[in-house]
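Enquirer: Quick check, what structure comes out for this input:
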Amino acid sequence: MLKRHFSEKDYVVSTAEQNRRKNQLSPRREPVQARARERARQILDTTGRLLEQVGLNDLTTILIAKELGVSVGSVYHYFPNKHAILYAMGEQWLASLTERLDELAAMNLEQLSLKDFLDDLLKRWMSVYREQRGLLPLVQAMWGIPELHELDERHDELVINHLVDMFRRLGFTCPPNETNRLARATLETCHAMLLVVVNQEGVRSERTRADLLNMLLVLLEPHRNDEKPSGLDDVEAP
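Expert: Numbering: from 1, shown residues only. Coordinates of the predicted model:
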């Protein structure tokens, strides 16, 4: 994923530390009743709205509770801390993205042109980005907060694996390392540009999306059947 405003860091931690962080991010209770599920949803929606208004650094559980009109204890009844709420938002976002990619994979991709495939991909991908409130601060949190970094890695793996499989079904004949490289480049290009597109409106947004489509065609078309890319032996799969 595009790492905006953060330098690359190495988050190698012990298994015990990973388990500790996982426990800190787990909801205090899984909502069963409709009323409890609705309250959990309200917490996530409110957090997304506040992320857009105040940003990540100024977001607190106190502010979330105040915006909801409940006590901080009521928020803690569902989530133990701010990071747990952000983690739940990230999982929700990944679930929506998985659903859209699975829908696209279920189509008869073998009969689509590369342009038609990319156009459909961008429409589905963009719909997920538009639905998620506070997306840019959430993305920054997924990269910049160690407790959430696993979500960032899961996002990249999810998208790249889907793209590699779909590229093959579209008739790409380049070697696996090259296909993986193209999938990574597609992910990073789309992620960077879609964050721009969803913050634009009307004609401006549509023109930027059209530019993104053309960028992807220029990126992918020359390499889709490049069976012996120059210097491939010296390049590992990303």
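Enquirer: Quick one: residues contacting residue 75.
Expert: Residue 75 is in contact with 43, 61, 64, 65, 68, 85, counting by Cβ atoms under 8 Å, 6 or more residues apart in numbering. Glycine gets a C-beta too; all of them are placed from N, C-alpha and C.
Enquirer: Name the helix or strand for the residue nearest the centre of the chain, please.
Expert: The residue lying closest to the centre of the chain (Cα atoms, centre = their mean) is residue 155, at 5.2 Å. Per DSSP states H and E: residue 155 is located in helix 149-169.
Enquirer: residue contacts, the residue nearest to residue 74 when sequence neighbours are not counted?
Expert: Leaving aside its chain neighbours, residue 74 sits nearest to residue 65 (6.6 Å; criterion: Cβ to Cβ, 6 or more residues apart in numbering). Neighbouring residues of residue 65 by Cβ under 8 Å, 6+ apart: 71, 72, 74, 75.
Enquirer: cutoff 10 Å now
Expert: Each residue near residue 65 by Cβ atoms under 10 Å, 6 or more residues apart in numbering is listed here: 43, 46, 71, 72, 73, 74, 75, 76.
Enquirer: so the third one touches residue 64, yeah?
Expert: No - at 11.2 Å, residue 71 and residue 64 do not qualify as touching, with contact defined as Cβ atoms under 10 Å.
Enquirer: More neighbours: the two, which one.
Expert: It is residue 64, of residue 71 and residue 64, that has more neighbours when counted by other Cβ atoms under 10 Å, with 22 against 12.
Enquirer: Could you say which helix or strand holds the more buried one?
Expert: Per DSSP H and E, residue 64 falls inside helix 61-68.
Enquirer: hang on, the earlier thing: among the contacts of residue 65, which are in helices?
Expert: Among the contacts of residue 65, DSSP state H puts 43, 46, 72, 73, 74, 75, 76 in helices.
Enquirer: Give me the PyMOL select line for these, limited to the buried ones.
Expert: Of the ones in helices among the contacts of residue 65, the buried ones go into a single PyMOL selection, burial set by 16 or more other Cβ atoms under 10 Å:
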select buried, resi 43+46+75
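Enquirer: Pick out the most distant pair among the ones in helices among the contacts of residue 65.
Expert: Greatest spacing in the ones in helices among the contacts of residue 65, by Cβ to Cβ: 46 and 73 (16.0 Å).
Enquirer: the bottom helix or strand of the chain by mean pLDDT?
Expert: helix 15-25 (a mean of 52; mean pLDDT, DSSP states H and E).
Enquirer: hmm, back to that, sort out which residues of the helix holding residue 155 are buried, please.
Expert: 149-152, 154-156, 159-160, 162-164, 166-167.
Enquirer: Stretch 110-124 now?
Expert: For stretch 110-124, a neighbour-count test (16+ other Cβ under 10 Å) marks 112, 114, 117, 118, 119, 120, 121, 122 as buried.
Enquirer: How far off centre is that stretch?
Expert: Offset of stretch 110-124 from its chain centre (Cα atoms, centre = their mean, to the nearest Å): 19 Å.
Enquirer: Stretch 214-230 now?
Expert: So, by Cα atoms, centre = their mean, the centroid of stretch 214-230 is 24 Å from its chain's centroid.
Enquirer: what comes into contact with that stretch?
Expert: 114-115, 117-119, 121-122, 167, 170-175, 177-179, 181-183, 185-186, 189-190, 193, 232, 235.
Enquirer: What of stretch 163-177?
Expert: Under the criterion Cβ under 10 Å, 6+ apart, residues 101, 104-105, 107-114, 116-118, 121, 178-187, 190, 220, 223-229, 232-233, 235-238 lie in contact with stretch 163-177.
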